[in-house]
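Novice: Structure for the following, please:
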Amino acid sequence: KSTSRSLNASFFLFGLLNNSLYVVILTAALELLPKGVPTGLVSLANIAPALVAKAVWPYLLKGRVRYTKRVSSCASLSFVGMMIISLFPSLHLRLLGISLASFSSGLGELTFLQLSTRYSPKPSSSSSKLDLTNFAGDGVGWFASGTGAAGLVGAAAWWIVRPLGVKLGLAILSLLPGLMVGAYLFLLPSPEALLGGRAEEEGEQGRRYRQARGEIVRGGAVLAVRISFSEKMQLLKPMLWPYILPLVTVYFAEYTINQGVAPTLIYELPTRSQHPLLSLVIKKLSDYYP
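Specialist: Purely as a prediction, here's the structure:
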């Protein structure tokens, strides 16, 4: 049970830390750009590279994923991107830094969802049958919870460091990806520790386990199944209309509101007599945006 809790905590932290900087950049958009430059430019640089990583990269990947190298690379890219934003006031360099952090976030999301498949399926201890209820589903669920929490944590983190200014505030937050590497190295249990080695048992159960992992057993040898690009496209087609296009529409509408409509709304500054709590937070018009 403690090993399972470690898995859940790890994937929650992966989702939280991988997406927090993405939220920080969106929240700080107004202060990262010169006056008169629309915040939608930050949104474009913060979304497009991540979209490329998630929508294109899976179809180009070949061979075994080296997770330690991939997680370290994502954390390093995020750190470099945030430091570029922090140290250089130039618009072009800041957009470059945002794009690096964005690509890292997209690649990280892809990586952790791939990583979850290593924890599937879960052998049943009560029977000889393979229990198709798997730890991978737990990992994905906790990762999704972490990405949701990132919306609150990322926005709150920027609000806390905002008085320090863009340079120092973002430099402090650039250390967050290091915690992601720490969670991967020191908190995440190995598949062997979680499954207790039972998944690799010989016989019918072990054979079905390996088949569920996308492997073929021939004459005692295990052969990895490789899926071609055209086969991946065939797998994609059934998901296009019921899932992908509706979600694209939702996200398009959401970011149109966030970056195209919300920044144009002007409210009066709250007075202490009428809004004693809000007046402690909102002191100038630009405070409304974050």
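Novice: What does Glu268 show for phi and psi?
Specialist: Listed backbone geometry of Glu268 is phi -70, psi 150, with angles given as degrees, to the nearest 10.
Novice: Just give the number of residues close to it.
Specialist: Under the neighbour criterion other Cβ atoms under 10 Å, Glu268 is assigned a count of 9. Where C-beta positions appear, they are placed from N, C-alpha and C, glycine not excepted.
Novice: ditto for the one 4 residues further on
Specialist: Arg272 is flanked by 10 other residues according to other Cβ under 10 Å.
Novice: Can you say which helix or strand has it in it?
Specialist: Take DSSP states H and E as the rule and Arg272 turns out to sit in neither a helix nor a strand.
Novice: Without its sequence neighbours, what residue ends up closest to it?
Specialist: Excluding its sequence neighbours, the residue lying closest to Arg272 (Cβ to Cβ, 6 or more residues apart in numbering) is Ser279, at 4.6 Å.
Novice: what's near enough to touch the one you found?
Specialist: For Ser279, the contacting residues are Leu269, Pro270, Thr271, Arg272, by Cβ atoms under 8 Å, 6 or more residues apart in numbering.
Novice: surely Lys284 meets Leu269?
Specialist: Yes: in this structure, Lys284 is within contact of Leu269 by Cβ atoms under 8 Å, at 7.2 Å.
Novice: coming back round to it: before we move on, what's the pLDDT of the residue nearest to Arg272?
Specialist: According to the per-residue confidence, Ser279 scores 93 in pLDDT.
Novice: measure it to Ser286 for me?
Specialist: With distances taken as Cβ to Cβ, to the nearest Å, Ser279 is found 15 Å from Ser286.
Novice: Not including adjacent chain positions, what is the nearest residue to Lys62?
Specialist: Of all residues not flanking Lys62 in the chain, Arg226 sits nearest, at 7.7 Å (Cβ to Cβ, 6+ apart).
Novice: Just give me the neighbour total for that neighbour.
Specialist: Under the criterion other Cβ under 10 Å, the count of neighbours that Arg226 has is 9.
Novice: name the helices or strands packed onto the helix or strand containing Pro49?
Specialist: With elements taken from DSSP H and E, the one containing Pro49 is helix 40-55. Of the remaining helices and strands, those touching helix 40-55 by 3 or more Cβ pairs under 8 Å, 6 or more residues apart in numbering; DSSP states H and E are helix 2-27, helix 29-32, helix 91-116.
Novice: Run through the strands of the chain in chain order.
Specialist: Remark: strands assigned in the chain by DSSP state E are 122-123, 130-131, 215-218, 221-224.
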